[in-house]
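**Student:** Here's a sequence, model it:
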Amino acid sequence: MRILVTGGAGFLGSHLCDRLVELGHEVTAIDNLQTGSRANLSHLKGNRHVSFQVHDVVHAYEGKFDRIYNLACPASPPHYQHDPVRTARTSFLGADNMLDLARRTGARFFQASTSEVYGDPVEHPQREDYRGNVNPIGPRACYDEGKRIAETLCFDYQRQFGVDVRVARIFNTYGPRMNPDDGRVVSNFIVQALRGEPITIYGDGKQTRSFSYVDDLIDGFLRLMEGGAEIAGPINLGNPDEFTVRELAEIVIEMTGSKSELVTRPLPTDDPMQRRPDISRAREQLGWEPRIDLREGLERTIGYFRER
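**Tutor:** Model prediction:
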């Protein structure tokens, strides 16, 4: 098939491109390189089944595709809060432009949404029918509400124009090709540990997260995109194993053999206190669940950062 991947030079996008090429598809990757990197696709250079273009999804894009994966948007708090207006535009205008392309060309459309649509949840674990607890005017709202309106657009395009949409709500994902300076907790901890720097914990470290290795997530993407038309989503894709942030830091110190000490800083505004997906729907409708546990995934990720 002919497949468009927006955000294709990013962490998730580049891994998705790898898998699609392995499956024999013709892949066009576009990225504005705000947070993505050409280096993430350098190993595919010269492969005639892959093309890359610098393009920002806030502007329309033309082409004929069978599938469109919309992954374009900064995903770490420091990056999406750095230029919040641009983040909101990317989420809304980017989704609208790509959905309109799908409408005009008959492509099936995949939207990368996020567990952030649940905000600081009062329901735990989070199910897809939970409507969330989001602060619409807080510093994280550009991303949280941006992804919520992207979901709204998906289902409005489905109802109004008959576009075949698929929506995945992604929980904390990690793995090789994460930006070492992207501000997400796994990469932060690994980089600080390898450098022997103090490991920064925000708040008391008792807040929880559920960490999914990138290979498992990409498998979930493909199952959702190629599932039956009745499986539009939204569907949670994440690992239901729950860890406190402090537990994660201690595991990283142990696995790296680091001498780093833990230091605490104030908790950022609206930072969720707990995060864990209910993946019953993914299990039942996609036959999907994560296979790689935290220690195995961290071993691979630490190895990647050691080499760099």
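**Student:** ok, which stretches of the stretch 51-200 of the chain are strands?
**Tutor:** 67-70, 108-114, 165-170, 173-174, 199-202 (DSSP state E, counting those that start in this stretch).
**Student:** check contacts around Gln111.
**Tutor:** By Cβ atoms under 8 Å, 6 or more residues apart in numbering, Gln111 lies in contact with 70, 95, 150-151, 154, 165-168. All C-beta atoms are positioned from the backbone trio N, CA, C, and that covers glycine.
**Student:** Quick check, pLDDT for Glu116.
**Tutor:** Per-residue pLDDT puts Glu116 at 94.
**Student:** Might one say that it is in contact with Tyr143?
**Tutor:** Yes - judged on Cβ atoms under 8 Å, Glu116 makes contact with Tyr143 at a distance of 5.9 Å.
**Student:** Please identify the deepest-packed of the strands of the stretch 51-200 of the chain.
**Tutor:** strand 67-70 (a mean of 26; mean count of other Cβ atoms under 10 Å).
**Student:** Show me the contact partners of that one.
**Tutor:** 1-7, 13, 16, 57, 94-95, 98, 101-102, 107-112, 150, 221, 225.
**Student:** try 7 Å
**Tutor:** Contacts to strand 67-70, defined as Cβ atoms under 7 Å, 6 or more residues apart in numbering, come from residues 1, 3-6, 16, 94-95, 98, 101-102, 107-112, 225.
**Student:** what's the answer for stretch 89-107, then?
**Tutor:** Against stretch 89-107 from outside (Cβ under 7 Å, 6+ apart): 6, 57-58, 60-61, 64-68, 70, 72-73, 109, 111, 146-147, 149-150, 153-154, 157, 161, 163.
**Student:** do stretch 284-295 as well
**Tutor:** 211-213, 215-216, 219-220, 223-224, 227, 231, 235, 239, 241, 243, 279, 282-283.
**Student:** mind running it again at 6 Å?
**Tutor:** Stretch 284-295 is contacted by residues 211-213, 216, 220, 223, 227, 231, 239, 282-283 when judged by Cβ atoms under 6 Å, 6 or more residues apart in numbering.
**Student:** do stretch 122-139 as well
**Tutor:** 81, 117-121, 144-145, 234, 236, 269-270, 274, 276-278, 281.
**Student:** do that again at 7 Å, thanks
**Tutor:** Contacts of stretch 122-139 (Cβ under 7 Å, 6+ apart): 81, 115, 117-121, 141, 144-145, 169, 234-236, 240, 269-270, 274, 276-278, 281.
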